[in-house]
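Trainee: give the three-dimensional model of this entry:
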Amino acid sequence: MENYTSSDSDSDSGNKTLDLSYLMLDTEVINEHLICTNSPENIETMLLHQNRLSIIPFTIVRFVNLTTLDVSNCGLNQLPDFLGDLPITCLVAKNNNLTNDYLLKSFENLPGLRELNLSGNRLTEFPEQVLDLMELKYLYLGGNSISEITKDVWKLQRLQVLSMGGNRLAEVPSTLGRCTSLQALVLCDNILESLPSSIANLKNLKSLFLHKNRLRTLPTEIITLKCLTELSLRDNPLVVRFVSDMTHDPPSLLELAARVVKSNDIAYDGENIPRNLIEYLNSGHRCVNVNCQGIFFDNRVEHVKFVDFCGKYRLPLLQYLCSSKCIGPRDGEEEMVSGAMIRKVLLG
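Mentor: Residues are numbered from 1 along each chain as shown. Model (predicted):
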């Protein structure tokens, strides 16, 4: 998911770029090149990827107008704080040996950073420092060992791409729904079992990658994402389970009696029945079948229904019904599509 970029082609880029990539040079040799470079103030882009840099030489601060720095695949162990002395807007440091302890302590000195790529490193936590980057639009953190997304992610109000595939995410914070500028969200190859309903607030979302997770359901609110044109769901239980998955045992006598009380609006209060029964009666759920509107408590039917997604394709969404008799098309509703039809979209 590295095809989203903030870089534009520049006809004069040859005069403004220092390209030392793919030379397998060590730190000392790179340092000599940086010292010997004439007119360092003219360099805006520096490409150092595929070298043997354990650290970034301090002499890089000579390049006072440097806006793009690529130090990918160099074996880096640290991103030094003196990078904050440069006007960098794009920093690519993927596929190195970076850990959370050896990132910049603060990104406050890089207020103009718009793209940050730390994919393929050894991060175990979401780097809180990036929350200082008010202008950040592209954040790539895939291929690490991050177990959670900070709840303060909402502070990145200009963020358009968040790529966190190939981590250890077990959940997504509801606050992510406040990042309303997001256009691409990559959460594939994690251990997610569900998504928050607030995902529906991402009105500008165009691409959502969720393949290779443990998703069994999707929030029904996802069908309101009218801009979404790319959705990947393959290798999730919800895709494998195309047809109804019902678990329905006969309801208990307690539930049957409670259903009668609630369905017939029979009055009850604490003077007539024990408190625990009042709490039980108050815990009832309404069946989603508009032609039923029955009440259920503990006993329910789990049903996967395929919902029309803005006229583009169908999504399997889990709904709870009071009875297996409620399954099937209702007035004005189309039949469920077959597994073969939906598979073409969800497994592609």
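Trainee: how many residues are close by E221?
Mentor: 16 (other CB atoms under 10 Å). Using the backbone N, CA and C atoms, a C-beta is placed for each residue, glycine as well.
Trainee: now it, nearest residue through space, not along the chain?
Mentor: Closest residue to E221 apart from its sequence neighbours, by CB to CB, 6 or more residues apart in numbering: A200 at 3.4 Å.
Trainee: that's a helix at the one you found, yeah?
Mentor: Yes. Per DSSP: H, G, I helix; E, B strand; the rest coil, A200 lies within a helix segment.
Trainee: quick one, helices of the stretch 201-348 of the chain?
Mentor: Applying DSSP state H, counting those that start in this stretch to the stretch 201-348 of the chain gives helices spanning 237-240, 253-263, 275-281, 339-346.
Trainee: ignore what I typed, I meant the stretch 1-150 of the chain.
Mentor: Counting by DSSP H, counting those that start in this stretch, the helices of the stretch 1-150 of the chain are 13-16, 27-36.
Trainee: follow-up on the earlier one: residue contacts, the residue nearest to E221?
Mentor: G177, P219, E221, I222, T224, L225 (CB atoms under 8 Å, 6 or more residues apart in numbering).
Trainee: hmm, which of those residues are the buried ones?
Mentor: G177, P219, E221, I222, L225 (16 or more other CB atoms under 10 Å).
Trainee: from the residues you listed, which is closest to L86?
Mentor: L86 has its nearest neighbour among those in G177, at 34.2 Å by CB to CB.
Trainee: give the closest residue to the closest one in space, chain neighbours not counted.
Mentor: Distances taken as CB to CB, 6+ apart place S198 nearest to G177, at 2.8 Å, with adjacent residues excluded.
Trainee: gap between that neighbour and T180?
Mentor: Counting by CB to CB, to the nearest Å, the separation of S198 from T180 is 11 Å.
Trainee: which of those two has more neighbours?
Mentor: Between S198 and T180, counting by other CB under 10 Å, S198 is the more crowded of the two (18 against 13).
Trainee: any stretches of the stretch 101-250 of the chain with poor pLDDT?
Mentor: Across the stretch 101-250 of the chain, the ranges flagged by pLDDT under 70 are 240-249.
Trainee: run the last query once more with 80
Mentor: For the stretch 101-250 of the chain, the stretches with pLDDT under 80 are 238-250.
Trainee: show me where it has its strands.
Mentor: 115-117, 138-140, 161-163, 184-186, 207-209, 230-232 (DSSP state E, counting those that start in this stretch).
Trainee: neighbouring contacts of the fifth one?
Mentor: Residues external to strand 207-209 that are found in contact with it (CB under 8 Å, 6+ apart): 1, 165, 183-188, 225, 228-232.
Trainee: mind doing that once more with 6 Å?
Mentor: Defining contact as CB atoms under 6 Å, 6 or more residues apart in numbering, one finds that strand 207-209 is touched by A184, L185, V186, C188, E230, L231, S232.
Trainee: leaving out the residues flanking it, which one is nearest to L141?
Mentor: L141 sits nearest to M164 (CB to CB, 6+ apart), 5.1 Å away.
Trainee: the one you found and L182, how far apart?
Mentor: Using CB to CB, M164 is found at 12 Å from L182.
Trainee: could you do K151 as well?
Mentor: Look at K151 and L182: by CB to CB, they are 16 Å apart.
Trainee: of these two, who's got more company?
Mentor: More neighbours surround L182 than the other of K151 and L182, with 24 against 12 (other CB under 10 Å).
Trainee: let me see the contact set for T45.
Mentor: T45 makes contacts with T17, T68, as judged by CB under 6 Å, 6+ apart.
Trainee: and for the residue nearest to L225 when sequence neighbours are not counted, the neighbour number?
Mentor: Spatial nearest neighbour of L225, chain neighbours left out: L205 (5.5 Å); criterion: CB to CB, 6+ apart. Using other CB under 10 Å, the number of residues around L205 comes to 25.
Trainee: L205: what's it in contact with?
Mentor: L182, L225, L228.
Trainee: again, but for P251
Mentor: If you count contacts by CB under 6 Å, 6+ apart, then P251 has N299 around it.
Trainee: against N97, how distant is it?
Mentor: Look at P251 and N97: by CB to CB, they are 58 Å apart.
Trainee: for S232, same thing?
Mentor: Counting by CB to CB, the gap between S232 and N97 amounts to 30 Å.
Trainee: more neighbours: the two, which one.
Mentor: Each of S232 and N97 has its neighbours counted (other CB under 10 Å); S232 has more, 19 against 14.
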